[in-house]
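# okay, predicted coordinates and the sequence, questions at the end:
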Amino acid sequence: MALSKISRLLKKQPDRKVKVFGERNTGTRAVVRMLRAHKGVSVGFPNPKTAELEHLERRVHEKLEGFALELFTDALDDMRRKPLGGHSAWKHAAPIVDDSYAAKNASVLFLVRDPYSWIAALFRNPYHARAPLPDTLAGFLAQPWLTVQRENIAPILLSPMELWNLKLRAYRDFSNAAPVPSTVLHFEPFVLDPVGELTAALQKFGIPSKGLVEAEAPTKKLGVSRETRQNYYKTKAWEQEISAEAAQMINECVDWEVAAAFGYHRRDPAEFQAKS
């Protein structure tokens, strides 16, 4: 067969599907950006539009602002994404096994983060929080959390720490039941070596990683530089944001059986010295 014909056939190979799931503040934006820029990979995040929803969205933005606008925008996202489910589910959703993953020959990548570090990050960046925020992490841990519909979990949680428990439990159950390959990407090493860690994950799926590049620009508004971000996690500066009281509450809230399945373990509250 002529080389030109082989080249054309290779070019026609469909992109490999990689579905990303991860809680808030686990690096999902960076991973998705890297995968979207990587040749031969499709992350498949649909954004369905209908005339009715577009009309509603225009009216919402015309008439509302501030917190009310956030509430209505979230409701619109629920309307768009919750019915999709499966391979097309929201990246922060608790995944549910269905036929869509096998139909798309998808591989599934779960992003996870140390529970102490994660809850400190959620307190700093409380995406989708729907109540006034307490002044302390301990107060935040004690306050119920209102979820959004597209998360596929209960409407109200006893503590925001339950988001971590429920999502990681869903990842574990999915991995045990799904007829497609899945693997875990830990936030801690990923933030220090994005290309190396994502390359290792793609290799587990048999996906070539040549040409994979880091998303060096901040993925969020007012994001810090790469050097600042990496130094923050390399030195574990986040530990200085957790008091012994908050650490004890984390210990009481976390499902440590699930945590152990992902390589995370209970720590002594005395290791944390932030003021309560």
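That came through, no problem.
# please, where are all the helices along the chain?
Assigned by DSSP state H, the chain shows helices spanning 3-11, 28-36, 51-63, 66-81, 99-103, 115-124, 137-142, 161-177, 187-192, 194-204, 226-234, 244-253, 256-261.
# dump those helices into TSV; add mean pLDDT, distance to Arg267 and mean neighbour count as well.
Where you see a C-beta, it was placed from the backbone N, CA and C, and this is true even at glycine. Below are the helices of the chain laid out as TSV (pLDDT from 0 to 100; distance: least, C-beta to C-beta, whole Å; neighbours: other C-beta atoms under 10 Å):
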stretch	mean pLDDT	distance to Arg267	mean neighbour count
helix 3-11	52	50	9
helix 28-36	96	25	20
helix 51-63	93	44	12
helix 66-81	91	34	14
helix 99-103	93	35	15
helix 115-124	98	7	22
helix 137-142	98	15	20
helix 161-177	98	14	19
helix 187-192	96	14	18
helix 194-204	97	23	18
helix 226-234	90	17	13
helix 244-253	98	7	19
helix 256-261	98	11	15
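# and those: which comes nearest Gln273?
Of all the helices of the chain, the one in closest proximity to Gln273, counting by C-beta to C-beta, is helix 244-253 (7.0 Å).
# right, and the helices of the chain - which one's nearest Val148?
Nearest of the helices of the chain (C-beta to C-beta): helix 66-81, 5.4 Å.
# for the closest one, packing partners?
Judged by 3 or more C-beta pairs under 8 Å, 6 or more residues apart in numbering; DSSP states H and E, helix 66-81 is in contact with helix 51-63.
# and the angle from the helix it packs on to helix 66-81?
Per axes from the mean of the first three to the mean of the last three C-alpha atoms, to 10 degrees, the angle that helix 51-63 makes with helix 66-81 is 170 degrees.
# what does helix 51-63 contact?
69, 72-73, 76, 79-80 (C-beta atoms under 8 Å, 6 or more residues apart in numbering).
# at 10 Å what do you get?
The contact list for helix 51-63 (C-beta atoms under 10 Å, 6 or more residues apart in numbering) reads 49-50, 68-69, 71-73, 75-76, 79-80.
# and Val41, bridged to which residues?
Counting by DSSP bridges, Val41 is bridged to Arg16.
# correct me, but it touches Arg33?
No - assessed by C-beta atoms under 10 Å, Val41 is found out of contact with Arg33, at 11.8 Å.
# as a markdown table, the contacts of helix 51-63 with distance to Val213 would be great.
Output for the contacts of helix 51-63, formatted as a markdown table (distance: C-beta to C-beta, whole Å):
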| residue | distance to Val213 |
| --- | --- |
| Lys49 | 30 |
| Thr50 | 35 |
| Ala68 | 40 |
| Leu69 | 35 |
| Leu71 | 37 |
| Phe72 | 37 |
| Thr73 | 32 |
| Ala75 | 36 |
| Leu76 | 33 |
| Met79 | 35 |
| Arg80 | 30 |
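# any idea how far stretch 87-96 is from the chain center?
Centroid separation for stretch 87-96 versus its chain: 10 Å, with C-alpha atoms, centre = their mean, to the nearest Å.
# end to end, how far does that stretch reach?
In stretch 87-96, first residue to last residue: 9 Å (C-alpha to C-alpha, to the nearest Å).
# cool, and stretch 144-160?
7 Å.
# what's the spacing between Pro14 and Asn105?
In this view, Pro14 and Asn105 are 9 Å apart by C-beta to C-beta, to the nearest Å.
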